[in-house]
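A.B. asks: Sequence first, then the predicted structure, then my questions.
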Amino acid sequence: MKKTWIIALIASLVLVLSACGSKEEDGAGKKVYRFATDASYPPMENMDKDEIVGFDIDFLAAVMEEAGLEYEVKNIGWEALLEGVRTGAEFDGAISAITINDERLQSYDFSPPYFESTNMILVPEGSDIKSALDLKDKKVAVQGGTTADELMTGIMGDGNSSLKKFESNALALQEMASNGVDAVVADSAVVKDYIKNNPDKKFASILDTENFAPEYYGIAFPKDKELKALLEPAVKKVLESDKYKEMYEKWIGVEPDMTRLIE
Ligand code: ARG
């Protein structure tokens, strides 16, 4: 008799504790989907005091509202995000200006493309660098594990110590500001935003459509999970809405070109 009581007590304790410990459900018992981001990539995602803000954050909010789902976003950094969302144990999705490409499609599922981008080169005004190929024997900073890293490794060669890979793009930009490198390669919106917000530093951007192809961002999901299908119609709806245009103008500063985003 005593033994059954103890077992019952332990069992209920475990239940109560597991309910308190995770935020998988809100107070009303609704699932709270967990998203990861690397909030050091303005204007896409960035920290504003202790709040995560940016285009991606507004876009995700609109999509989750459209889908009627609860969610939270955590700032955990780029490498941790790629790892954390791959297994699906820690995160149900990631939004972080993530380019959809063949390599990533092996390990992740993606939402329909929601943003058109390309890599761009950031240089000091008056630099002799005019194209990506001019970077071959220069010092270049990129965020490690990004498409900029992949493209520049292709141009400069694997293991080239003049290609400096940083944990965040913010650190790559810092290296540039302190004259440690001749150029930074990163996504177009990010390069343009940095130039606009640092007029005193006198930087310029170079677009090289020959060496840097158009890229499209997607929300990343662990493979074969239900959330991808749940969000697909919501993503399409938001892309067609005025809301999308408004958030684009707010964060990117110009009107979006939707020709390749809407069928
Ligand atoms: N679009 C590039 C890629 O997918 C860079 C993304 C970096 N994003 C970030 N939040 N740091 O590789």
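C.D. replies: Arrived safely.
A.B. asks: which residues touch Ala172?
C.D. replies: 141-143, 164, 166, 181, 184, 186 (CB atoms under 8 Å, 6 or more residues apart in numbering). (Glycine included, C-beta is placed from N, CA and C.)
A.B. asks: just checking, Lys139 touches Gly180?
C.D. replies: Yes - if you go by CB atoms under 8 Å, Lys139 and Gly180 touch, sitting 7.2 Å apart.
A.B. asks: Overlap of the contact sets of those two?
C.D. replies: Counting by CB under 8 Å, 6+ apart, the common neighbours of Lys139 and Gly180 are Lys164.
A.B. asks: burial of Ala170, as a residue count?
C.D. replies: Counted by other CB atoms under 10 Å, the residues lying close to Ala170 total 19.
A.B. asks: Surely it is in contact with Ser40?
C.D. replies: Yes - counting by CB under 8 Å, Ala170 does reach Ser40; the two are 4.3 Å apart.
A.B. asks: re earlier: quick one: which of Lys139 and Gly180 has more around it?
C.D. replies: Lys139 (18 against 12).
A.B. asks: ok, that one to Ser161 distance?
C.D. replies: Noted for Lys139: a distance of 9 Å to Ser161, by CB to CB, to the nearest Å.
A.B. asks: Show me which residues of the stretch 1-150 of the chain sit near the ligand.
C.D. replies: Applying CB under 6 Å from any ligand atom, one finds that the stretch 1-150 of the chain approaches the ligand through 38, 41, 44-45, 78, 96-99, 143, 146-147.
A.B. asks: how about those in a markdown table, adding pLDDT, neighbour count and secondary structure?
C.D. replies: Output for those, formatted as a markdown table (pLDDT from 0 to 100; neighbours: other CB atoms under 10 Å; DSSP: H, G, I helix; E, B strand; the rest coil):
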| residue | pLDDT | neighbour count | secondary structure |
| --- | --- | --- | --- |
| Asp38 | 98 | 27 | coil |
| Tyr41 | 98 | 25 | strand |
| Met44 | 98 | 28 | coil |
| Glu45 | 98 | 24 | strand |
| Trp78 | 98 | 24 | helix |
| Ser96 | 98 | 26 | coil |
| Ala97 | 99 | 25 | coil |
| Ile98 | 98 | 28 | coil |
| Thr99 | 99 | 21 | strand |
| Gln143 | 98 | 27 | strand |
| Thr146 | 98 | 24 | coil |
| Thr147 | 98 | 24 | helix |
